[in-house]
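> Just to be clear, the model below is a prediction. Sequence and coordinates:
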Amino acid sequence: DAKTTQPNSMESNEEEPVHLPCNHSTISGTDYIHWYRQLPSQGPEYVIHGLTSNVNNRMASLAIAEDRKSSTLILHRATLRDAAVYYCILTNTDKLIFGTGTRLQVFP
Amino acid sequence: DTGVSQNPRHKITKRGQNVTFRCDPISEHNRLYWYRQTLGQGPEFLTYFQNEAQLEKSRLLSDRFSAERPKGSFSTLEIQRTEQGDSAMYLCASSQLPTTWAEAFFGQGTRLTVV
């Protein structure tokens, strides 16, 4: 599975938008881009995924660069409940390989 | 349906003892995955099943680890002769479709402490 690079940590204020970046320069044409998040003392939770086009759902938006070598998870209005570790994962096999993710802190 | 259920939530065992964890996936999910997570790290893939067939095992899974999924429903993960390095959170996930393009649902995990 191709490798992803994410910042170790990011901070945001409540009700502000958050842009979480992910670099994946070795992505292959069949790799899907997934985002999961893990709240404290919980198992990971699916956020969003995409292949080539930008995606929106009730939780977030996923912006994928035209060359697919990077992507950005967008939380439109951060809440305190969004404080978590966010994982960017590439996969074209039937399993998810997690890195260390980005720890997002949200301040009131 | 209450989601993926894992039991027990916590387990403390003495080094050298055997332990077994159980995972009940979401009904009708034919795929079931086991992961291990240590402090400050992301979950590490251990193994997965499609129905009752174990399709892949990570090189991380030593001979002391065995997983089963009889009848393609619940799954068990057994660790024999536990070592302190086995202390971790063990996570189970299930999905109805390949997680390449579909959502995986995770349980809350079983935290194992080996003393």
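Perfect, I can see it now.
> residues in contact with stretch B:5-22?
For stretch B:5-22, the surrounding residues in contact (CB atoms under 8 Å, 6 or more residues apart in numbering or on different chains) are B:23-24, B:74-84, B:90-92, B:107-115. Just so you know, the C-beta spots here come from the backbone N, C-alpha and C atoms, and that holds for glycine as well.
> buried stuff in that stretch?
B:6, B:11, B:13, B:19, B:21 (16 or more other CB atoms under 10 Å in any protein chain shown).
> Okay, and which of those map to strands?
B:6, B:11, B:13, B:19, B:21 (DSSP state E).
> Let's verify the residue nearest the centre of chain B: helix, strand, or coil?
Central residue check for chain B by CA atoms, centre = their mean: the C-alpha nearest the mean position is that of residue B:34, 3.2 Å away. The three-state assignment at residue B:34 reads strand, by DSSP: H, G, I helix; E, B strand; the rest coil.
> same for the host helix or strand of residue B:77, what does it pack against?
With secondary structure defined by DSSP states H and E, residue B:77 is part of strand B:75-79. The helices and strands touching strand B:75-79, judged by 3 or more CB pairs under 8 Å, 6 or more residues apart in numbering or on different chains; DSSP states H and E, are strand B:19-24, strand B:31-37, strand B:65-68, strand B:88-95.
> Out of those, flag the one nearest residue A:38.
In this view, the helices and strands packed on strand B:75-79 are compared for proximity to residue A:38 by CB to CB, and strand B:31-37 is the closest at 8.7 Å.
> and that closest one, which strands flank it?
Applying DSSP bridges, strand B:31-37 is found paired with strand B:44-50 (antiparallel), strand B:88-95 (antiparallel).
> Below-threshold pLDDT in the chain: ranges please.
I went with chain A, as the question did not name one. Within chain A, the ranges that satisfy pLDDT under 70 run A:1-2.
> wrong one, chain B
Segments of chain B classed as low confidence (criterion: pLDDT under 70) are B:1.
> please redo it, this time with the cut-off set to 80
Within chain B, the stretches falling below the threshold (pLDDT under 80) are B:1-2, B:60.
> pretty sure residue A:44 contacts residue A:98?
Yes. With contacts counted by CB atoms under 8 Å, residue A:44 reaches residue A:98, the gap being 7.5 Å.
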